[in-house]
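**Q** A predicted structure for the sequence below; I have some questions about it.
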Amino acid sequence: MRAVVQRVSRAKVTIDGKITGEIARGLLVLLGVGAGETRADADYLADKVIGLRIFEDAGGKMNLSVVDVEGAILAVSQFTLYGDVRRGKRPSFEAAAPPQPARQLYEYFVEKVRRAGLKCETGRFQEMMQVELVNEGPVTILLDSRKTF
């Protein structure tokens, strides 16, 4: 699984003019699921996101997690994280998981975050969404459960 994690002061997802998920301080997580991935991949990413120390402490050092700052997570499915443009200019999505297993792992990720005691808002799987955010820093981290980067 792949994730783009952005530290935000606020973020929201809108579908057809209606807000489906909104957070104040926390993390916006754009989450993609690759073909053949399992719950172990989702476990790895959820644990990494929950414990990621990218919020500043009193000394100005990135040393605090979203748990430490009592923040929230907005998790948005994004299969385009598996877009491959190495062979041309139009992305191929062959490496992305099919919709049903991708939905199951996305929902499993969200539930794992919620079971950790964090507020976790979402978009809607396989919907056209508008995502708005204020990236604080800016701080953006790329994660991959297979550790390809």
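**A** On my side now, so go ahead.

**Q** and Val66, how many neighbours does it have?
**A** When counting by other C-beta atoms under 10 Å, one arrives at 26 neighbours for Val66. Using the backbone N, CA and C atoms, a C-beta is placed for each residue, glycine as well.

**Q** same check, this time on the one 5 residues further on
**A** The number of residues packed near Gly71 is 20, by other C-beta under 10 Å.

**Q** Let me know the secondary structure of Ile73.
**A** Three-state call for Ile73 (DSSP: H, G, I helix; E, B strand; the rest coil): strand.

**Q** same deal with Thr80?
**A** Assignment for Thr80 (three-state DSSP): helix.

**Q** need the contact list for the residue nearest the centre of the chain.
**A** Nearest to the geometric centre of the chain sits Val29, at 2.0 Å (C-alpha atoms, centre = their mean). By C-beta atoms under 8 Å, 6 or more residues apart in numbering, Val29 lies in contact with Ala3, Val4, Val5, Gln6, Val49, Ile73, Leu74, Ala75, Val76.

**Q** Okay, and the closest residue to Asp57 other than its chain neighbours sits in which element?
**A** Once flanking residues are discounted, Asp57 sits nearest to Asn63: 4.2 Å by C-beta to C-beta, 6 or more residues apart in numbering. Using DSSP states H and E, Asn63 maps to strand 62-64.

**Q** other SSEs contacting that strand?
**A** Where contact means 3 or more C-beta pairs under 8 Å, 6 or more residues apart in numbering; DSSP states H and E, strand 62-64 is packed against strand 55-56.

**Q** quick one: contacts of the strand it packs on?
**A** Strand 55-56 is contacted by residues Arg7, Met62, Asn63, Leu64, Ser65, Val66, Asp68, Val69, Gly71 when judged by C-beta under 8 Å, 6+ apart.

**Q** Scan the protein for its longest helix.
**A** Taking DSSP state H as the criterion, the chain has its longest helix at helix 99-115.

**Q** Output the contacts of Val29 as JSON lines; include the columns pLDDT and distance to Leu133.
**A** Putting those into JSON lines (pLDDT from 0 to 100; distance: C-beta to C-beta, whole Å) gives the following:
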{"residue": "Ala3", "pLDDT": "98", "distance to Leu133": "15"}
{"residue": "Val4", "pLDDT": "98", "distance to Leu133": "11"}
{"residue": "Val5", "pLDDT": "98", "distance to Leu133": "12"}
{"residue": "Gln6", "pLDDT": "98", "distance to Leu133": "6"}
{"residue": "Val49", "pLDDT": "98", "distance to Leu133": "16"}
{"residue": "Ile73", "pLDDT": "98", "distance to Leu133": "12"}
{"residue": "Leu74", "pLDDT": "98", "distance to Leu133": "8"}
{"residue": "Ala75", "pLDDT": "98", "distance to Leu133": "13"}
{"residue": "Val76", "pLDDT": "98", "distance to Leu133": "10"}
